[in-house]
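J.: this one's structure only:
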């Protein structure tokens with residue numbers, strides 16, 4: 001039986017797209033559900049293009065009810081993947097899926113993580129600190145932003161003259177390359 005993945009995203013969903021592409025013809029796993037807290041999120045269109053069901057929720061549903069947990073359980077989800085999802089995961093979801101919620105972050109954690117550190121903010125902080133290298137981190141999710149156990153990190157050098165756009169592009173290339181593979185390898189470990 002195929003392992004079932006749920007993706008949570010708040011924005012465009014380029015990582016979600018790569019994950020959907022990666023598992024489209026897989027015999028082992030599939031993206032079964034895409035959830036977003038943003039009804040305008042382009043990830044919903046991306047999911048629709050793959051004929052994957054979607055669910056849009058608000059803060060009340062996410063934090064004050066068990067509806068999301070129940071939806072994931074009914075959908076028989078094996079792994080929850082955060083791909084550009086900006087909300088802190090509530091305790092009820094963490095308890096329902098222990099060590100089965102992962103996130104990708106656009107820096108080499110523990111550097112440049114935490115509340116409010118996402119997207120361009122991360123890259124701008126890296127530039128401001130004159131870092132010589134940068135990268136991505138895929139990690140388990142816990143009750144704090146970006147503090148879960150690291151599963152995978154990939155890095156790249158920041159060259160003299162690299163702009164925000166170039167740094168962002170380099171990081172996104174690593175994300176698109178590694179995130180689907182890390183998910184696939186993680187799912188192989190689950191019974």
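T.: Yep, it's here. The structure presented is a predicted model; accordingly, all values stated were derived computationally and were not measured.
J.: The residue positioned nearest the centre of the chain: what's its closest spatial neighbour, skipping adjacent residues?
T.: Ranked by distance to the mean C-alpha position of the chain (C-alpha atoms, centre = their mean), the top residue is residue 83 at 2.3 Å. Nearest residue to residue 83, sequence neighbours excluded (C-beta to C-beta, 6 or more residues apart in numbering): residue 15, at 4.0 Å. Quick note: C-beta positions are derived from backbone N, CA and C, even for glycine.
J.: residue contacts, that neighbour?
T.: Contact partners of residue 15, counting by C-beta atoms under 8 Å, 6 or more residues apart in numbering, are 9, 83, 84, 104, 175, 176, 179.
J.: at 7 Å what do you get?
T.: 83, 84, 104, 175, 176, 179 (C-beta atoms under 7 Å, 6 or more residues apart in numbering).
J.: got it, and residue 19?
T.: Here residue 19 is in contact with 7, 31, 81, 83, 179, 180, 183 (C-beta under 7 Å, 6+ apart).
J.: please redo it, this time with the cut-off set to 10 Å
T.: 5, 7, 9, 13, 29, 31, 34, 81, 83, 104, 176, 179-180, 183-184 (C-beta atoms under 10 Å, 6 or more residues apart in numbering).
J.: I appreciate the help and will end here.
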